[in-house]
Each structure stands twice: as structure tokens, then as C-alpha cells.
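Q: how would this look folded up:
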Amino acid sequence: MTTPLEDFDLDRYLRASRKVDLTGVKWDEIKDHPVSGAEARALAYMMDIESHTVMYLRELLSTPVRYDPDITAFLSCWVYEELWHGEAFSRFLGEAGFRLDPDRDAVSASQPYPSRGARNQVIRRGLRGKGAIGQVATSVASSFIDDFAAVHMTWGAVNELSTLTGYQAIIAQTEHPVLQDILARVIKDERRHFAFYRAQARLRLERSPKARRLTRFAMERLWAPVGTGVRPQEETDFVIVSLFGDFDGAKRMESMDATIREWAGFEDAHLFRNARLDTLRRMSPRRAAALASDAALERAGIHRDRPAAATDDGAFELVA
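A: Numbering: from 1, shown residues only. From the prediction side, this is the model:
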């Protein structure tokens with residue numbers, strides 16, 4: 001019988017790690033297809049989250065995981081790959097004719113990296129206070145609790161699973177062929193990231209009842225959908241309702257919960273179902289649809305250079 005870690009070939013991953021392969025992406029055809037307001041708002045959110053993975057890395061490295069050579073080797077590549085996911089989304093939005101606050105740079109596929117420096121600085125400065133508090137709290141707690149890494153690895157697995165599932169949802173909903181192409185390439189990376197976190201989480205949960213109890217408590221009491229805290233709650237709620245608010249979204253949430261229930265200590269977990277229900281109590285599909293209008297995008301700092309196409313309804317399909 002193989003152990004969970006044997007299910008992930010770390011050596012192979014490290015040797016193959018590189019920035020997402022965007023060779024052959026038809027950047028010049030992006031403008032030929034409509035981009036809905038919902039797509040633009042969701043992609044701006046995902047761009048911001050992918051671009052700020054380094055902030056999560058800072059917290060991880062304040063705990064004893066920094067002594068684990070396998071984890072630190074993975075994280076070195078992981079944060080690099082996530083950076084390029086953010087850049088891919090930044091380029092797409094720029095080529096689609098969207099300018100984002102605070103500087104409203106006209107980003108294109110041919111411009112120097114990194115893009116949207118002013119936006120990244122504003123977001124990171126906004127995280128400075130609570131990020132420092134969270135880092136100190138995590139560091140102190142991890143010093144007194146054996147295998148605290150089980151919490152971080154489970155947390156990371158859940159976030160990676162929700163990220164790749166969210167990208168799959170956009171692919172299923174959008175009619176933009178270039179966006180589908182870019183997301184399919186990014187998903188290949190996200191699957192590998194999820195596989196590593198899942199293998200680490202399963203190993204640590206299976207070998208320690210204490211780790212199972214602590215991790216289950218943390219995930220049910222402290223975890224929130226990926227991006228919560230980095231961006232305003234309204235933005236997180238919008239993305240969840242847009243991608244998971246309809247019947248198909250509910251099924252995707254259940255599928256993710258079914259995956260989590262395969263892990264020791266989580267046999268009866270409903271993390272994603274509960275997160276979805278909490279979100280729908282805060283934001284209705286009707287409200288999410290309104291937030292996808294060009295006027296709402298302007299208020300959120302997302303500016304469209306040219307009018308939306310006549311066929312653009314401004315939002316993904318939303319079903320109460």
C-alpha cells in the first residue's frame with residue numbers, strides 16, 4: 001500500500017516547475033470576443049489572489065514548516081507559479097480593454113513584468129496590520145502544537161481545490177475561447193499544487209488524532225473561502241455566487257466536499273456547502289448580477305475602455 005506522499009512525485013514536480021506556458025495564446029483575438037462584467041470582476045479578484053500568494057508564504061514560513069525540506073522546496077516553486085497565474089489574468093484583462101485602479105495602467109501582453117505594481121502595493125499595504133497579527137499568532141500557536149503543519153497543509157489543499165474548481169466553472173460558463181485556453185493551462189498547475197497539499201494533509205491527518213482534532217476545529221471555525229481578507233467581503237461573495245450560486249455550482253461544491261470527506265477526521269465535513277449557504281445569505285443572485293454591470297464595475301475600480309458588446313448580458317448565469 002502506498003503512503004499519501006508516494007502519490008505525489010516531488011522530484012518530478014520540482015524538475016518540471018516553470019511559469020505557466022502561454023505559448024500560442026491568441027492575445028490579439030481577445031478583443032474579438034465579448035467579456036462580461038461578471039467575468040471581468042471575477043478575473044480581477046483571481047488576479048489579485050494569485051498575485052498575493054507570497055503573503056500566504058510569509059505566514060507559512062513563520063511556522064516550523066520552514067524546517068521541512070520537502071515543503072520548502074515545493075513552496076519555492078509554488079509561489080513562483082502562482083505569480084505567473086496572476087500575470088496571465090492581468091494580461092487578459094488588459095487585452096480585453098479593462099483598466100484597474102489605482103493607476104489604470106493599459107496592460108498588454110507585450111509590456112514588461114510585473115504588471116499592476118501600484119495595485120499590488122495598495123492591496124499589500126492594506127494587509128500590513130492584520131497580516132502581521134496573523135503571522136505572530138500562527139507562529140506562537142505552532143510553537144506549542146505538534147504537527148501544526150497539518151492545519152496549513154489541509155488549509156492549502158482546500159484552497160487549491162476551490163481555486164481549480166472555480167476556474168473549471170468559468171470555463172464551463174464563458175464563451176470566450178481565449179479565456180478558456182488560458183484557464184485550462186493554469187488549471188494544470190493548480191492540479192499539481194492541490195496534489196501536493198492533499199498528500200501532505202492526508203499523511204499528517206492519518207498519523208495523528210491530535211492533528212485531526214486541531215485541523216477540523218481550525219477549518220470549521222477559522223477557515224474562509226480563498227481570498228477572504230485579501231479583498232473586501234463583497235468581492236469574495238460576488239465570485240462565490242457567480243461561480244457557485246446556481247444548480248451546477250451547488251453540485252461542484254458537493255463534489256469538493258466529497259473529496260475532503262476522504263481525509264481522516266473529515267468524514268462528515270460540509271465546508272463548501274456551508275460556505276456557499278453563508279454567502280447566499282449575505283448576497284442574493286440578483287445582487288450579484290447587479291454588481292456585474294459596467295456602472296458597478298466602475299465603482300469597484302474596474303474600468304472598461306470600450307462599451308460592452310450588445311450580446312453581453314453583464315453576468316454569468318445566476319440561479320437562486
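Q: Pull the distance from stretch 282-297 to the chain's centre.
A: Chain-centre distance of stretch 282-297: 20 Å, with CA atoms, centre = their mean, to the nearest Å.
Q: Any idea how far apart the tips of it sit?
A: 19 Å (CA to CA, to the nearest Å).
Q: ok, now stretch 288-306?
A: End to end - CA to CA - stretch 288-306 spans 22 Å.
Q: for it, which positions count as buried?
A: 288, 289, 291, 292, 293, 294, 296, 297, 300, 302, 304 (16 or more other CB atoms under 10 Å). Where you see a C-beta, it was placed from the backbone N, CA and C, and this is true even at glycine.
Q: So which of the residues you listed belong to strands?
A: Among the buried residues of stretch 288-306, the members found in strands (DSSP state E) are 302, 304.
Q: which residues are contacting stretch 109-116?
A: 25, 27, 47, 51, 83, 87, 90-91, 94-95, 100, 103, 105, 107, 120 (CB atoms under 8 Å, 6 or more residues apart in numbering).
Q: Could you tell me the end-to-end distance of that stretch?
A: End-to-end distance of stretch 109-116 (CA to CA): 13 Å.
Q: Farthest-apart pair in the contacts of stretch 109-116, please.
A: For the contacts of stretch 109-116, the farthest-apart pair by CB to CB is 25 and 103; their separation is 24.7 Å.
Q: Of those two, which one has the most company?
A: residue 25 (19 against 13; other CB atoms under 10 Å).
Q: tell me the average confidence for stretch 125-140?
A: Mean per-residue pLDDT for stretch 125-140: 53.
Q: Please read the previous query as pertaining to stretch 176-188.
A: Here the average pLDDT along stretch 176-188 is 98.
Q: May I see the buried residues of that stretch?
A: Under the neighbour-count criterion of 16+ other CB under 10 Å, stretch 176-188 has 176, 178, 179, 181, 182, 183, 185, 186, 187 buried.
Q: With stretch 97-109 instead?
A: Those buried within stretch 97-109 under the rule 16+ other CB under 10 Å are 97, 98, 99, 100, 104, 105, 107, 109.
Q: can you map out the strands along the stretch 51-200 of the chain?
A: 98-100 (DSSP state E, counting those that start in this stretch).
Q: Below-threshold pLDDT in it: ranges please.
A: 128-146 (pLDDT under 70).
Q: and if we set it to 90?
A: When residues are selected by pLDDT under 90, those of the stretch 51-200 of the chain lie in 54-67, 109, 111, 124-149.
Q: Check the chain and tell me which residue is nearest its centre.
A: With distances taken as CA atoms, centre = their mean, the residue of the chain nearest its centroid is residue 163 (4.2 Å).
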